[in-house]
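Enquirer: Here is the input, now give the coordinates:
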Amino acid sequence: SLLALILFRDTMALPEALQPHVVANDCPVALLDCVDAFQRLTPKEKLYAHYISQASWQGAKICLFQTSHESPTLFALLQRLFSKQSVPSLKEAACAAGVAEGDVTSFVTFTAAFLANMGNYRSFGDSKILPGITKETCLDIIKSSDAFKEDEAGIMTLWTQCADAVFSTHKQALSLGMDEDGVSTYYSSSVSKADAALVQKFMDANGIAAENTRLWKTSSGDKPEFELRLAGVGSKDPQVFEGGPEDGFAKITVVYNDYAPIMTRIVENLRKAAQFAASDVQRQMLEAYVESFTTGSLDAHKDGSRFWIKDKGPVVESYIGFIETYRDPTGVRAEWEGFAAVVNKETSEKFGRLVDGAEGLLKELPWPRAYDKDTFLRPDFTSLEVLAFGSSGVPAGINIPNYDDIRQEEGFKNVSLGNMLKASLSFSDEESVTFLHKDDQALYKKTVGTSFDVQVGLHELLGHGSGKLFKETASGSFNFDRATTNPCEEGSPPVSSWYSESETWDSKFGSIASSVEECRAECVGLYLCGNQDALQIYGHEKNSDRGKEITYINWLHMCRAGVLALQYFTPRKGLAGWGQAHMMARHVILKVLLEAGGGLVEVVRGEATQAGGKGTYVKLDKTKIDSVGMPAIGAFLTKLQVYKSTANVEAMRAMYTHFASVESPEMISLRDEVIANRKPRRLVVQHVTKVGADGESVDLVSFEPTTQGLIESFVARYPPTDDEVAALAEKDLASTKPAFL
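Expert: Residues are numbered from 1 along each chain as shown. Now for the predicted structure:
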């Protein structure tokens with residue numbers, strides 16, 4: 001059709017291998033609706049939520065600096081363009097200048113996708129987002145804008161600084177990674193994996209955590225020098241560590257002022273939020289965060305997290321800081337994340353019942369009890385309506401804090417993001433779900449939301465919330481019985497490996513840590529989703545047909561996800577080819593179930609296209625879930641937990657590599673088919689809060705769930721220019737520029 005030609009003309013002009021990097025103009029956009037929940041808040045609660053939201057979104061600019069060389073500058077350019085001129089007005093001006101309407105639409109789509117991901121790499125998949133137009137056409141659009149006419153020199157400076165990188169299709173530019181595998185601005189472009197490992201050894205020896213750091217190489221040679229940057233306002237003087245004969249480096253300078261202008265704004269808003277805190281515990285939590293973001297102290301953030309755990313059942317929930325390590329190629333540095341959300345009391349009651357039954361359900365897990373926490377630390381588990389989530393993406397559920405020592409010894413919280421679940425799992429009656437047989441379509445669309453709700457709860461509470469790390473303390477004592485046996489080795493000998501005082505799960509397992517942990521949590525959800533007590537907690541009668549449907553669809557959904565995961569894999573790069581930790585985990589689970597045999601799971605190949613209803617589909621025999629699936633997942637889950645508990649990196653990596661490898665011609669062929677039939681991932685529009693002229697009321701501004709609405713939300717959220725952040729970007733332009741540019 002003519003419409004299709006307009007939508008996809010530029011995408012089709014790209015080489016086939018690059019087409020997945022362009023966001024289609026018909027990409028779905030959803031609103032993260034929080035209107036009703038926000039209106040139920042008191043004026044004081046609204047002000048608290050507003051300032052937490054402000055801190056979160058100010059911090060979200062950090063994601064730009066953690067993603068790519070070009071992201072901060074491109075953000076500044078796009079913000080100037082659309083702050084000066086509306087989307088319809090720019091379209092009109094560009095078309096009047098001779099640009100095709102479809103090209104302008106592609107530019108708008110690219111802008112929306114860039115903003116939604118806070119960078120030009122997908123938050124889910126880590127692959128580069130390319131504009132669906134040529135560099136020349138993009139510049140023509142920019143030159144037609146009011147912003148260009150007002151400040152030609154300023155706009156051209158920004159364009160010159162970022163254009164080559166934005167449009168680069170160099171192999172290394174197409175994904176996040178290190179060395180030849182991709183790009184990452186957690187590091188200066190001169191830092192290699194070997195450099196990162198060298199400095200990590202230094203950090204472990206000196207008790208410096210990596211989550212809130214970036215690493216720069218300041219001089220090369222046999223004995224290089226490094227600058228280790230900790231996020232902070234800069235209130236603490238730098239520390240210089242001279243390398244010894246055996247250290248492999250000449251000098252490491254630790255500075256405490258990375259992102260200083262942004263951290264200052266975060267601190268200012270958290271201090272304002274503290275004036276409207278609901279309790280002393282909330283105030284103490286925010287004070288600790290302020291200390292952390294001022295000085296760069298991760299210990300202070302851990303203290304804030306301890307207060308956060310104690311803040312039981314707040315009306316407005318929040319968490320903020322450097323949280324998830326998914327996007328760091330070495331798996332230790334964390335992305336900025338901050339959110340404010342309103343608790344959904346009705347749904348949270350259901351999760352409370354799950355917490356009540358958790359100790360009984362934990363006993364059903366397959367590993368020996370010695371591998372679980374000595375006592376179950378009862379967490380808060382709430383369903384939230386997200387008001388603001390300042391990061392590169394919005395998850396469906398979270399188990400935090402991620403600090404192993406706190407989770408193991410003091411506790412944690414689980415949150416399910418209800419309005420995000422609703423936005424991400426909706427299908428129209430006419431829509432055909434890819435890679436499913438026609439006989440499964442109706443039940444899947446009817447049930448997947450419910451089954452995923454069960455999976456998220458079990459995944460977060462009993463997946464991430466279970467298991468023990470065996471550790472030796474500085475005094476030489478152990479937190480486990482040395483006579484504990486290893487059921488994964490022949491003869492079940494006593495365990496022979498564990499974590500030292502300074503080692504953590506992330507630092508020990510590195511690049512595979514995030515995916516393995518997600519895999520373990522997903523397996524826990526699968527293993528327990530058919531448990532009758534668990535289903536009853538969710539309101540489904542024991543041994544009911546509905547309960548069986550939920551279990552079947554949950555397993556089917558996981559197997560389908562394992563197939564769809566292939567679109568996030570790049571061949572010939574080994575495990576580094578996986579661009580998304582969760583999807584790597586789901587593909588591993590599919591492989592485990594395929595290897596289990598017994599007719600449990602089969603990927604039935606069909607026509608290359610999914611459009612005609614005769615394409616490839618996942619076939620799951622529901623009668624064999626208990627007899628074949630459960631033993632297979634149970635055995636695999638036991639190994640995941642035992643290897644994790646005992647810090648057995650070698651055994652874990654060997655096992656995980658076996659299942660995560662995508663080398664067979666059959667799997668490569670299936671990957672090509674998945675990519676050819678891919679559907680664009682939804683972009684999410686969020687509200688903006690504004691304090692009224694009286695300084696006491698807070699207004700909630702909503703936007704249409706369209707690419708235009710998404711752009712308008714960022715225009716409302718941030719000022720047109722930001723000189724302090726621009727100076728920050730300018731300072732690092734040379735040191736983050738990849739060698740291929």
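Enquirer: hey, let's count contacts and neighbours off CA atoms from now on
Expert: Fine.
Enquirer: Just the strands from the stretch 51-200 of the chain, written as ranges.
Expert: Under the criterion DSSP state E, counting those that start in this stretch, the stretch 51-200 of the chain carries no strands.
Enquirer: An error on my part: the question was meant for the stretch 501-650 of the chain.
Expert: Counting by DSSP E, counting those that start in this stretch, the strands of the stretch 501-650 of the chain are 601-604, 617-620.
Enquirer: just the ones you listed: most buried one?
Expert: Of all the strands of the stretch 501-650 of the chain, strand 617-620 has the most neighbours on average by mean count of other C-alpha atoms under 10 Å, namely a mean of 20.
Enquirer: Serialize the strands of the stretch 501-650 of the chain to CSV and add fields for distance to residue 380.
Expert: Below are those laid out as CSV (distance: least, C-alpha to C-alpha, whole Å):
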stretch, distance to residue 380
strand 601-604, 36
strand 617-620, 35
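Enquirer: Let me know which of these is the nearest to residue 652.
Expert: Across these, residue 652 has its closest neighbour in strand 601-604 (24.3 Å, C-alpha to C-alpha).
Enquirer: Can you tell me the closest non-neighbouring residue to residue 113?
Expert: Excluding the flanking residues, the one nearest residue 113 by C-alpha to C-alpha, 6 or more residues apart in numbering is residue 683, at 6.8 Å.
Enquirer: Surely that neighbour is in contact with residue 115?
Expert: No: Residue 683 is beyond contact range of residue 115, at 9.5 Å (criterion: C-alpha atoms under 8 Å).
Enquirer: circling back: mind checking which of the strands of the stretch 501-650 of the chain is nearest residue 315?
Expert: The nearest among the strands of the stretch 501-650 of the chain, by C-alpha to C-alpha, is strand 617-620 at 41.9 Å.
Enquirer: now that closest one: mean pLDDT?
Expert: When pLDDT is averaged over strand 617-620, the result is 97.
Enquirer: Also stretch 72-81?
Expert: Rounded mean pLDDT across stretch 72-81 is 98.
Enquirer: hmm, back to that, residue 43: which of the strands of the stretch 501-650 of the chain is closest?
Expert: Comparison of the strands of the stretch 501-650 of the chain against residue 43 by C-alpha to C-alpha identifies strand 617-620 as nearest, at 50.8 Å.
Enquirer: So what does residue 541 have for phi and psi?
Expert: The phi and psi torsions at residue 541 (degrees, to the nearest 10) take the values phi -60, psi 150.
Enquirer: how close does it get to residue 563?
Expert: Residue 541 sits 32 Å away from residue 563, going by C-alpha to C-alpha, to the nearest Å.
Enquirer: With neighbour numbers in mind, choose between those two.
Expert: residue 563 (23 against 14; other C-alpha atoms under 10 Å).
Enquirer: pretty sure that one contacts residue 673?
Expert: No: counting by C-alpha under 8 Å, residue 563 stays clear of residue 673, with 10.0 Å between them.
Enquirer: Mind picking out the helix or strand in this structure with the poorest mean pLDDT?
Expert: Ranked by mean pLDDT, DSSP states H and E, the helix or strand of the chain with the weakest confidence is helix 2-13, at a mean of 42.
Enquirer: what about the following helix or strand past that one, distance to the chain center?
Expert: Next along the chain after helix 2-13, taking DSSP states H and E as the criterion, comes strand 29-31. Centroid displacement of strand 29-31 relative to its chain, using C-alpha atoms, centre = their mean, to the nearest Å, is 18 Å.
Enquirer: what sits against the residue nearest to residue 561 when sequence neighbours are not counted?
Expert: Of all residues not flanking residue 561 in the chain, residue 586 sits nearest, at 6.2 Å (C-alpha to C-alpha, 6+ apart). The contact partners of residue 586, taken as C-alpha atoms under 8 Å, 6 or more residues apart in numbering, are 519, 522, 558-559, 561-562, 565.
Enquirer: Repeat that for residue 412.
Expert: Residues near residue 412 by C-alpha under 8 Å, 6+ apart: 309, 377, 379-380, 399-401, 406, 465.
Enquirer: Which element, helix or strand, includes the residue lying closest to residue 82 once chain neighbours are set aside?
Expert: Nearest residue to residue 82, sequence neighbours excluded (C-alpha to C-alpha, 6+ apart): residue 715, at 6.8 Å. Here residue 715 is covered by helix 707-717, with elements defined by DSSP H and E.
Enquirer: Over to residue 263?
Expert: helix 260-274.
Enquirer: tell me which residues in that helix are buried?
Expert: 260-267, 269-274 (16 or more other C-alpha atoms under 10 Å).
Enquirer: ok, longest helix in the chain?
Expert: For the chain, the helix reaching the highest residue count under DSSP state H is reported as helix 43-67.
Enquirer: Run through the neighbouring helices and strands of it.
Expert: Under the contact criterion of 3 or more C-alpha pairs under 8 Å, 6 or more residues apart in numbering; DSSP states H and E, helix 43-67 touches helix 71-84, helix 260-274, strand 316-324, strand 335-344, strand 380-390, strand 688-691, strand 698-701.
Enquirer: switch to 7 Å and redo it
Expert: Helices and strands touching helix 43-67, by 3 or more C-alpha pairs under 7 Å, 6 or more residues apart in numbering; DSSP states H and E, are helix 71-84, helix 260-274, strand 316-324, strand 335-344, strand 380-390.
Enquirer: okay, those, which one's buried deepest?
Expert: Sort these by mean neighbour count, taking mean count of other C-alpha under 10 Å, and strand 380-390 sits at the top with a mean of 26.
Enquirer: could you give me the average pLDDT of that strand?
Expert: If you average the pLDDT over strand 380-390, you get 94.
Enquirer: repeat for stretch 319-330
Expert: The average of the pLDDT scores along stretch 319-330 is 96.
Enquirer: Which residues does that stretch contact?
Expert: 56, 177-178, 186, 211-212, 331-339, 402, 510-511, 514, 581 (C-alpha atoms under 7 Å, 6 or more residues apart in numbering).
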